[in-house]
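Student: attaching a predicted model along with its sequence, questions to come.
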Amino acid sequence: MKIRIALLISISLLGNSTLAEQSLNVEIVTPAGEIFQTKQVLGDKLKESIPIISVKAAAREYQAIRCNGPWGAMKYKVMLSSGPGIEIYKKKDKIALQVIEYSVISKDLTIASMDIHCIDTEPTQVLNAIEEIDFIGYIEKQEKIELSNGYIIEYHYTPE
């Protein structure tokens, strides 16, 4: 009976160790107090310098206008992200987390002021890479840092 219990305990411990997944938890707090959270299971998805995971803040709606439509000027909506985001990719023998700030140059006021003259106008998406953090594949890393733009990032990398 004692042998069975010991065998079951060792199998259950072995089972738990094989269930450990390579993952990255990221939480970003903006100066305005908005919170961006994501948990990514990395596994075998990592390929050299190709972003395997790209996560953005929720998209917001912006106005655009096309002037040469079949019925004249046509207003429409464009969905673009504004806020923090991340990209995760492999860099030689390391894993890189790139923190990105998405912003939008809105043209809503310009479009609203077009009564007589019309010019094709769309908002512009702007991406700024703020920080790049490297992880060694087999070393667990956890840190909380404040970035130059005021974002506070807290991350926890767990190797396999």
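Tutor: Received the coordinates, thanks. Numbering: from 1, shown residues only.

Student: please count neighbours and contacts with C-alpha atoms only from this point.
Tutor: Will do.

Student: would you map the helices across this protein?
Tutor: All helices of the chain, identified by DSSP state H, fall at 2-18, 108-112.

Student: which of the helices and strands in this protein ranks last by mean pLDDT?
Tutor: helix 2-18 (a mean of 40; mean pLDDT, DSSP states H and E).

Student: low-confidence stretches in the protein?
Tutor: For the chain, the stretches with pLDDT under 70 are 1-20, 44-51.

Student: all strands in it, in order from the N-terminus.
Tutor: 23-29, 35-41, 53-56, 59-69, 72-81, 83-91, 94-105, 124-136, 141-146, 152-158 (DSSP state E).

Student: packed most tightly, which of these would that be?
Tutor: Most buried of the strands of the chain, by mean neighbour count (mean count of other C-alpha atoms under 10 Å): strand 83-91, with a mean of 22.

Student: what packs against that one?
Tutor: Contacts defined by 3 or more C-alpha pairs under 8 Å, 6 or more residues apart in numbering; DSSP states H and E place strand 83-91 against strand 53-56, strand 94-105.

Student: mind putting those in JSON lines, distance to Ile152 included?
Tutor: Output for the helices and strands packed on strand 83-91, formatted as JSON lines (distance: least, C-alpha to C-alpha, whole Å):
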{"stretch": "strand 53-56", "distance to Ile152": "16"}
{"stretch": "strand 94-105", "distance to Ile152": "11"}
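
Student: ok, which of those comes nearest Leu80?
Tutor: strand 94-105 (7.2 Å; C-alpha to C-alpha).
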